[in-house]
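Enquirer: the sequence and its predicted three-dimensional model are supplied below.
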Amino acid sequence: MSDLVLLSAGAAKALVEGIAGAFHRETGAMIRGTFGAVGAMRDKLAAGEACDAFVSTAAILDALVGEGRIVAASIRPIGRVRTGIAVRAGDPVPSIPDADALAAALREAPAIFLPDPERATAGIHFVRVLDRLGLLGALASRLKTYPNGATAMNELAQCALPGAIGCTQVTEILYTPGVVLAALLPRAFELATTYSAAVCAGAASPDLAAKFVEWMCGERTAELRAAGGFEA
């Protein structure tokens, strides 16, 4: 049995790792996953990198269908993921019910951790939020950007500055030791992103990829998805 080659949005990393053992026991295949910002994963696929299954946002998958890189009929939704604010475990957790509270929390933070503001879903959105709040210029020197949300949250966890803050998708906050979810973004700035899994048109093991998609999106992982931050 060949291994399954996966390119995936970082938001689904914990879910993939959570099913990997059982998937291997049932199919005999290991999941060889690469995780990162959705834009970076799209670029890898477009550059011809080997891939059996692909996990990304609905918009990117639709575009890849148009390019002939994804089997349209194979696309299935994993769930919706919200974007939130994180703080280091042990730090005071700010109350962020509205835009004013969010602005105040950001102004007080000595460092702000976020994923790639050009290729990561949450990073792109959060920079727009800062701009709408009128804080992008004032806080630019405090922004700490990383290739994906998982790396940004790991760096936040290791930051020595009390009061440091971060923003990324809830799934990446929940699976990173050393950080906690402080709040979802206030309603005025809410971002809920739907992720889906699909079989790649050039899959070396299309049947295995289809089984993986079923695992990621089916009933057997419903509780795992909910616990990890995916909403139906």
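Expert: Right, received. Where do you want to start?
Enquirer: only C-alpha atoms from now on, for both contacts and neighbour counts.
Expert: Noted.
Enquirer: which parts of the longest helix seen in the chain are buried?
Expert: Taking DSSP state H as the criterion, the chain has its longest helix at helix 13-27. Buried residues in helix 13-27, counting neighbours by 16 or more other Cα atoms under 10 Å, are found at 13, 14, 15, 16, 18, 19, 20, 23.
Enquirer: over to stretch 125-136?
Expert: By neighbour count, and taking 16+ other Cα under 10 Å as the criterion, the buried residues in stretch 125-136 are 125, 126, 127, 129, 130, 136.
Enquirer: now stretch 56-71
Expert: Under 16+ other Cα under 10 Å, the buried positions of stretch 56-71 are 56, 57, 58, 60, 61, 62, 64, 65, 69, 70, 71.
Enquirer: what sits against the second one?
Expert: It stands for residue 57. Applying Cα atoms under 8 Å, 6 or more residues apart in numbering, we find residue 57 in contact with 9, 38, 193, 194, 195, 196.
Enquirer: distance of it relative to residue 22?
Expert: Using Cα to Cα, to the nearest Å, we find residue 57 at a distance of 25 Å from residue 22.
Enquirer: got it, and the fifth one?
Expert: Residue 61 sits 26 Å away from residue 22 when distances are taken as Cα to Cα.
Enquirer: return the subset of the contacts of residue 57 lying in strands.
Expert: Assignment to strands by DSSP state E places the following of the contacts of residue 57 there: 9, 193, 194, 195, 196.
Enquirer: which among the residues you listed gets closest to residue 150?
Expert: Compare each of the ones in strands among the contacts of residue 57 with residue 150 using Cα to Cα and the shortest gap goes to residue 9, at 10.3 Å.
Enquirer: mind listing what the closest one touches?
Expert: Taking Cα under 8 Å, 6+ apart as the contact definition, residue 9 lies against 35, 36, 37, 38, 41, 55, 56, 57.
Enquirer: so which of the residues you listed is the most crowded?
Expert: Note: the member of the contacts of residue 9 with the most neighbours is residue 55, at 31 neighbours, neighbours being other Cα atoms under 10 Å.
Enquirer: Three-state assignment for it, please.
Expert: Secondary structure of residue 55, reduced to three states by DSSP: H, G, I helix; E, B strand; the rest coil: strand.
Enquirer: is it true that it touches residue 195?
Expert: Yes. In this structure, residue 55 is within contact of residue 195 by Cα atoms under 8 Å, at 6.9 Å.
Enquirer: residue ranges with poor pLDDT in this structure?
Expert: 1 (pLDDT under 70).
Enquirer: longest strand of it, counting residues only.
Expert: Counting residues, the longest strand found in the chain (DSSP E) is strand 76-88.
Enquirer: put the alpha carbons of it into CSV.
Expert: The C-alpha coordinates for strand 76-88 follow below in CSV (Å, rounded to 0.1, in the frame of the first residue of the first chain):
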residue,chain,number,x,y,z
ARG,A,76,-16.6,17.5,0.7
PRO,A,77,-16.8,20.1,3.5
ILE,A,78,-14.9,19.5,6.7
GLY,A,79,-16.4,22.3,8.6
ARG,A,80,-16.3,26.0,9.3
VAL,A,81,-13.5,27.5,11.4
ARG,A,82,-13.7,30.9,13.2
THR,A,83,-10.8,33.2,13.8
GLY,A,84,-9.8,34.2,17.3
ILE,A,85,-7.5,36.0,19.6
ALA,A,86,-4.9,34.0,21.6
VAL,A,87,-2.8,34.8,24.6
ARG,A,88,0.0,32.9,26.4
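Enquirer: ok, then the element right after that strand?
Expert: Downstream of strand 76-88, the next assigned helix or strand under DSSP states H and E is helix 99-108.
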